[in-house]
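Engineer: Starting from these lines, generate the structure:
(chains A and B)
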Amino acid sequence: MRFMMIVKATQDSEAGVMPSQELFDAMARYNEELARAGVLVAAEGLHPSSSAIRISYPEPGGKPAVLDGPFTEAKELIAGFTLIEVKSREEAIQWAMRMPDPHGLGEGEIELRQVFEAPELTQDPEALAKEIEMRASVTRKPGRE
Amino acid sequence: MNKSAAHRTIDGIWRIESPRIIAGLARRVRDVGLAEDLAQDALIIALERWPESGIPDNPGAWLMTTAKRRAIDHLRRSKVRDQKYAELGWEIERQYEPDWDEAIDDPVGDDLLRLMFTTCHPVLSAEARVALTLRLLGGLTTKEIASAFLVPEPTVAQRIVRAKRTLAAAHVPFEMPPRAELPARLSSVLEVIYLMFNEGYAASSGGSWIRPMLCGEALRLGRILAEIAPAEPEVHGLVALMEIQSSRFKARIDKKGEPILLMDQNRALWDHLLIRRGLSAIERAERLGRAFGPYLIQASIAACHARARTASETDWVRISALYDALSQIAPSPVVELNRAVALSMAFGPEVGLEVIDAIGQEPSLKNYHLLPSVRGDLLMKLGRTQEAGIEFKHAAALTCNEKEREFLLRRAADCAID
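Structural biologist: Numbering: from 1, shown residues only, chains lettered A, B, ... in the order given. Predicted coordinates:
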């Protein structure tokens, strides 16, 4: 299953302040660890919202309104994301817990969201176990239990 | 934290930490079976203690330290036993005394690579290699492995026990293979990963077309291998092949669970992130500037499909050329069959039919359902529907996959209507 670790924006990231060398190194190490564990799918950082545009639909069925950044409320914005492919929700949580505090200064926030997948891909071990049970009961010969 | 939540958390931690711990221990005790037992001991202690005490700050280090202590205990016990044997005058091999002070860290992944070479060792049968690799490198339980292969749990447990015993009996050393053996040993590792992937991708039996867990595990192992053995083009080739094949998961089956052929798939449903990863893995391999191996060629073929925005844009001439190359370095009737398909797409069905009829008598293809299936397809394109119907029926009788059988019988029925 795939999870997105979303790093929330902070005043610094919105102001375009680059992270310290220390944080930069820690993030690089972390990404390397993800890659070496075979779970890293993608990792991207985003420009501050000052260069963003927002398209909204204030009137249902009406014309879109286009608004230029920057946008306020840093906590509602995102600064980057990392996509990982893991076996379980718990594994995803463990990886997210290991991500370095993205900004320090008490503002760091990471949100973990599961990505939708085709139903076939979410076929979980429990469902498979049931399938095996079913098979076993079909192949079992009567009178031998 | 309640007990079951704690156990699920520990399961997540185990998944992340166990391959490293087992690999690190194996380097010390020089026995992967023993290394896994010691790591399991540490896991059991964690399962007992952590629900009460809480998860330690650095759970990986905790597990490693605990496992290391178990290892030292174990070696001391066997040393005492050896001394007793010595007193009795028995000849014994000198016990290997590991240097525990040396950091157990494995910054370049050499231990993991050694572990992969060991679990994929040619002394083991293919299914034993797959099971042991999933267990030691995937951190999967025997129950999970059994589920993935639709076999009873004791069968897998036994397979793993026997595999460990075989490795110990054969004195397989926990080290990198000598240079001369490296290509063969690496291809054994790649084979195990691809076998795992294929088992998941085209489940050869049963009602399900894709067994996602196995594909996911294979892809993960491939991606790990690409990080720890980055100088091997075939590693990137295999990863690229798996990434691109995986990109089609959502498009491969319709809502009723029926298969959709590659040419009929909705390309908007393809996972373009995986395609991009696949293409960049191919580039990584090409940058190494060595001759194309079979995986890289197959990946390049998959890439031709991935690059085509619509089915009609597919570069069949290039695909035919790649199959020509593949049939040179890895000739097989199955490759010929695919080459026939590519040629028919590039140059017309009669060209493909010629190649098929040349391999039609191949004994190894006697029970291969895709031969009549493809032949039927080409005959249909040539307007020879009656003959095509016979081929589809023949193919339906040969396949073990229920969904595929229904599909082929439908095609046979369509021929009868014409």
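Engineer: B:Thr166 - that's part of a helix, no?
Structural biologist: Yes. Under DSSP: H, G, I helix; E, B strand; the rest coil, B:Thr166 sits within a helix.
Engineer: confidence score at it?
Structural biologist: Looking at B:Thr166, its pLDDT is 95.
Engineer: And it, how far from chain A?
Structural biologist: 26 Å (C-beta to the nearest C-beta, to the nearest Å). (Each C-beta comes from the backbone N, C-alpha and C, glycine too.)
Engineer: just checking, that residue touches B:Ala128?
Structural biologist: Yes. The pair B:Thr166 / B:Ala128 is scored as a contact, 7.2 Å apart, by C-beta atoms under 8 Å.
Engineer: between these two, who's got more neighbours?
Structural biologist: Neighbour totals were compared for B:Thr166 and B:Ala128, and B:Ala128 leads with 21 against 17 (other C-beta atoms under 10 Å in any protein chain shown).
Engineer: now the chain, which segments are flagged as low pLDDT?
Structural biologist: Went with chain A since none was named. Where chain A drops to pLDDT under 70, the residues are A:74, A:104, A:118-145.
Engineer: that answer is for a different chain, and I need it for chain B
Structural biologist: Counting by pLDDT under 70, chain B has low-confidence residues at B:1, B:84-108, B:202-211, B:257, B:418.
Engineer: and it, what are its domains?
Structural biologist: B:3-87, B:367-418 (automatic domain parsing).
Engineer: what's the closest of those to chain A?
Structural biologist: For chain A, the closest of the domains of chain B is domain B:3-87, at 3.1 Å, according to C-beta to the nearest C-beta.
Engineer: Are that closest one and chain A in contact anywhere?
Structural biologist: Yes. Applying C-beta under 8 Å from any C-beta of the partner chain, one finds domain B:3-87 touching chain A at B:Arg8, B:Thr9, B:Asp11, B:Gly12, B:Ile13, B:Arg15, B:Ile16.
Engineer: Taking those, please make a PyMOL selection of just the buried ones.
Structural biologist: Only the buried entries of the residues of domain B:3-87 next to chain A go into this PyMOL selection, using 16 or more other C-beta atoms under 10 Å in any protein chain shown:
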select buried, chain B and resi 8+9+11+12+13+15+16
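Engineer: Switch the residues of domain B:3-87 next to chain A over to CSV; also include secondary structure.
Structural biologist: Below are these laid out as CSV (three-state DSSP):
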residue, secondary structure
B:Arg8, helix
B:Thr9, helix
B:Asp11, helix
B:Gly12, helix
B:Ile13, helix
B:Arg15, helix
B:Ile16, helix
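Engineer: farthest pair in the residues of domain B:3-87 next to chain A?
Structural biologist: Within the residues of domain B:3-87 next to chain A, B:Arg8 and B:Ile16 form the most distant pair, 13.5 Å apart (C-beta to C-beta).
Engineer: Need the three-state assignment for the residue lying closest to B:Glu217 once chain neighbours are set aside.
Structural biologist: Among residues not flanking B:Glu217 along the chain, B:Gly138 sits closest, at 4.9 Å (C-beta to C-beta, 6 or more residues apart in numbering or on different chains). Three-state call for B:Gly138 (three-state DSSP): coil.
Engineer: Kindly tell me how buried B:Gly138 is, as a neighbour count.
Structural biologist: For B:Gly138, the count of nearby residues is 25 (other C-beta under 10 Å).
Engineer: mind checking how far it is from A:Val41?
Structural biologist: B:Gly138 sits 17 Å away from A:Val41, going by C-beta to C-beta, to the nearest Å.
Engineer: hey, where'd the strands end up in chain A?
Structural biologist: Applying DSSP state E to chain A gives strands spanning A:2-8, A:40-45, A:53-56, A:65-68, A:78-85, A:110-114.
Engineer: Using CSV, lay out those together with distance to chain B and mean neighbour count.
Structural biologist: CSV is the format used below for those (distance: least, C-beta to the nearest C-beta, whole Å; neighbours: other C-beta atoms under 10 Å in any protein chain shown):
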stretch, distance to chain B, mean neighbour count
strand A:2-8, 10, 20
strand A:40-45, 6, 16
strand A:53-56, 22, 10
strand A:65-68, 26, 10
strand A:78-85, 7, 20
strand A:110-114, 12, 13
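Engineer: Tell me which of those sits nearest to B:Arg277.
Structural biologist: strand A:40-45 (7.3 Å).
Engineer: In chain A, which residue sits nearest chain B?
Structural biologist: Chain B sits closest to A:Glu90 of chain A, with a gap of 3.1 Å, by C-beta to the nearest C-beta.
Engineer: Is A:Lys75 in contact with A:Val7, as I believe?
Structural biologist: No. Contact criterion C-beta under 8 Å: A:Lys75 and A:Val7 do not qualify, at 11.7 Å.
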